[in-house]
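**Student:** Give the three-dimensional model of this entry:
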Amino acid sequence: MQTVDAAGLGIGDDHPPRIMGVLNVSEESPYEPSVFDDAGDAAEYVDTELVDEGADIVDVGLESANKRFEVLSADEELDRLETALDAIASVSGDAVFSIETRYHEVAEAALSRGFDMVNDVCGFADPEMPRVCAEHDAAVAKMASPPDLERPGAVEEVDDIYEALKRNGLTDKTIVDPAFGGWSEAKTLEHDRETFRRLREFRGLGQPILVSINRKNFLREFAGRSTEEALPVSLAATSMAVERGAHVVRTHDVRETRDAALIGEAFARDRVHTRDDVSVEELDATTPRETERHLERLGIESDVAGDTVVRVFEIDGLSPDDERTLSAAASDGGATFVRGTTSGTLLFGTPTTLQATRAAVESPSDAVGAALDAVVSETE
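**Tutor:** A predicted model of the protein is given here:
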């Protein structure tokens, strides 16, 4: 996993989760407490509500990325940049300042005049963006988007999100963002939930991961909460996201999100081990699909992904004859079947051996067939 240095702030597995607070200088932005048109007021907000509460990064937005609003031109963003520059010059606290933009001209101007990194909401749809960031040796968050400057985040399926993040390449200092939220009419809450379930796959890109899940619809609908009431579900998801490998959490609720992220970190796997100058990273792959992402990253063309993850299933309700059938099939398929001393059985193996176990039973009883079909469906 690549570690990114963002103006001296380390981001990656070797560092604590980083919190990105938000400052908006756009009147369209929906979260009013973070919106300012006066540089002094903005600076005070950054110091007291963001940096003092634990923000490592302050992300400054010049316009709302909400699809309901007209997209500003690069010149219009540049007009608003002056307020942002005046604000960060007045901040007394220590933070990395990120400019949220889709245009390389705006990124160039911001990085030349005091900003430290870029948050590209259109995922390098402007092909000059990676060049500008590389020339300034600046970290850049790349949000998954179509190759269209007017459609930030408008990608629905997880596989397409993954491919969008690869489009136009990755700099050495790229942080990937899978773009949670309703960025297009076609994107559903289930799309976001599937992306969250499969968050570990994005580690296959080899870059740190940023998530922006604060008070998002795909979370609050579970609890039936309004945006104002949705902080608890956001914090629960924050801990889960960090445990699954996220490195940066973008939020309007800095203090609470920091605490939730630290809990996620405390119970996450210790993935990286270094001994005698040799680094060993446990890739934390829980499905063959996650392994396939790492194989692709390393340029390995192989069908071994199904042999890399062991799954364990407890099966009840089998007759003695069914147990004997399943035991023989597991032996033929390369899986392992064991009986409990009182009741219940365990079947475990890699997806490849479990699928071979299913294939080894030509005419299973209803119970054996149902059990193996359920097992195979969970390994695909």
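**Student:** Can you name the residues bridging to Lys142?
**Tutor:** Asp120, Val176 (DSSP bridges).
**Student:** and it, how many neighbours does it have?
**Tutor:** 31 (other CB atoms under 10 Å). Where C-beta positions appear, they are placed from N, C-alpha and C, glycine not excepted.
**Student:** what about the helices in the stretch 201-350 of the chain?
**Tutor:** Ranges of helices within the stretch 201-350 of the chain are 217-223, 231-243, 254-266, 288-297, 320-333, based on DSSP state H, counting those that start in this stretch.
**Student:** Any idea how many residues pack against Glu265?
**Tutor:** 16.
**Student:** Would you check that it makes contact with His15?
**Tutor:** No - at 9.7 Å, Glu265 does not count as touching His15 under the criterion of CB atoms under 8 Å.
**Student:** Tell me who's in contact with Thr350.
**Tutor:** By CB atoms under 8 Å, 6 or more residues apart in numbering, Thr350 lies in contact with 306-311, 335.
**Student:** List the neighbours of the lowest-mean-pLDDT helix or strand in the chain that are in contact with it.
**Tutor:** Using mean pLDDT, DSSP states H and E, strand 272-275 stands out as the lowest-scoring helix or strand of the chain, at a mean of 82. Contact partners of strand 272-275, identified using CB under 8 Å, 6+ apart, comprise 1, 13-14, 279-282.
**Student:** Are any of those residues buried, and if so which?
**Tutor:** 1, 13 (16 or more other CB atoms under 10 Å).
**Student:** What's the separation between the residue lying farthest from the centre of the chain and Pro364?
**Tutor:** Largest separation from the mean C-alpha position in the chain: Asp321, at 46.5 Å (CA atoms, centre = their mean). As judged by CB to CB, to the nearest Å, Asp321 and Pro364 stand 11 Å apart.
**Student:** May I ask which helix or strand encompasses Trp5?
**Tutor:** Small correction: residue 5 is Asp, not Trp. Using DSSP states H and E, Asp5 sits within strand 4-6.
**Student:** Counting by contacts, list what the helix or strand just after that strand packs against.
**Tutor:** From strand 4-6 onward toward the C-terminus, using DSSP H and E, the following helix or strand is strand 9-11. Packed against strand 9-11 by the contact rule (3 or more CB pairs under 8 Å, 6 or more residues apart in numbering; DSSP states H and E) you find strand 4-6.
**Student:** Given the strand it packs on, what are its sheet partners and their directions?
**Tutor:** Take DSSP bridges as the rule and strand 4-6 pairs in its sheet with strand 9-11 (antiparallel).
**Student:** The partner strand - what's its average pLDDT?
**Tutor:** In this model, strand 9-11 has an average pLDDT of 98.
**Student:** and what of stretch 90-98?
**Tutor:** Averaged across stretch 90-98, the pLDDT comes to 93.
**Student:** For the nearest residue to Gln355 once chain neighbours are set aside, what is the enclosing helix or strand?
**Tutor:** Excluding the flanking residues, the one nearest Gln355 by CB to CB, 6 or more residues apart in numbering is Val376, at 5.6 Å. Taking DSSP H and E as the criterion, Val376 maps to helix 366-379.
**Student:** Now tell me what touches that helix from outside.
**Tutor:** Residues from elsewhere that reach helix 366-379 (CB under 8 Å, 6+ apart): 288, 306, 311, 313, 315, 317-319, 322, 325-326, 329, 347, 351, 354-355, 357-358, 361, 364.
**Student:** run the last query once more with 10 Å
**Tutor:** Here helix 366-379 makes contact (CB atoms under 10 Å, 6 or more residues apart in numbering) with 287-288, 306, 309, 311, 313, 315-319, 321-323, 325-326, 329-330, 333, 335, 345, 347-355, 357-361, 363-365.
**Student:** Show me what the strand or helix carrying Thr83 is packed against.
**Tutor:** Using DSSP H and E, Thr83 sits in helix 74-90. Under the contact criterion of 3 or more CB pairs under 10 Å, 6 or more residues apart in numbering; DSSP states H and E, helix 74-90 touches strand 18-24, helix 39-45, strand 57-61, strand 96-101, helix 104-112.
**Student:** picking that back up, Gly340 is nearest to which of the helices of the stretch 201-350 of the chain?
**Tutor:** Among the helices of the stretch 201-350 of the chain, the nearest to Gly340 by CB to CB is helix 320-333 (10.4 Å).
**Student:** How far off centre is the closest one?
**Tutor:** 41 Å (CA atoms, centre = their mean, to the nearest Å).
**Student:** Also stretch 120-135?
**Tutor:** Its chain's average C-alpha position is 20 Å from that of stretch 120-135, according to CA atoms, centre = their mean.
**Student:** Any regions of the stretch 51-200 of the chain where pLDDT drops low?
**Tutor:** Low-confidence segments of the stretch 51-200 of the chain (pLDDT under 70): 65-69.
**Student:** rerun at 90
**Tutor:** Flagging of the stretch 51-200 of the chain using pLDDT under 90 yields the residue ranges 63-72, 80, 83, 93, 150, 182-185.
**Student:** what does the domain assignment say about this protein?
**Tutor:** Following automatic domain parsing, the chain resolves into domains at 4-268, 310-379.
**Student:** what's the most buried one of those domains?
**Tutor:** domain 4-268 (a mean of 20; mean count of other CB atoms under 10 Å).
**Student:** re earlier: hey, what's in contact with both of Glu265 and His15?
**Tutor:** Common contacts of Glu265 and His15 (CB under 10 Å, 6+ apart): His247.
**Student:** With respect to Val25, which of the helices of the stretch 201-350 of the chain lies nearest?
**Tutor:** Val25 lies closest, by CB to CB, to one member of the helices of the stretch 201-350 of the chain: helix 254-266, at 18.1 Å.
**Student:** Alpha carbons of that closest one, in PDB - could you do that?
**Tutor:** Taking C-alpha atoms only, helix 254-266 is exported to PDB below (Å, rounded to 0.1, in the frame of the first residue of the first chain):
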ATOM      1  CA  VAL A 254     -15.000  16.600  13.100                       C
ATOM      2  CA  ARG A 255     -14.700  15.800  16.800                       C
ATOM      3  CA  GLU A 256     -17.200  12.900  16.800                       C
ATOM      4  CA  THR A 257     -15.900  11.500  13.600                       C
ATOM      5  CA  ARG A 258     -12.300  11.500  14.900                       C
ATOM      6  CA  ASP A 259     -13.300   9.400  17.900                       C
ATOM      7  CA  ALA A 260     -15.200   6.900  15.700                       C
ATOM      8  CA  ALA A 261     -12.300   6.600  13.300                       C
ATOM      9  CA  LEU A 262      -9.900   5.900  16.200                       C
ATOM     10  CA  ILE A 263     -12.200   3.000  17.400                       C
ATOM     11  CA  GLY A 264     -12.100   1.600  13.900                       C
ATOM     12  CA  GLU A 265      -8.400   1.800  13.800                       C
ATOM     13  CA  ALA A 266      -8.000   0.200  17.200                       C
END
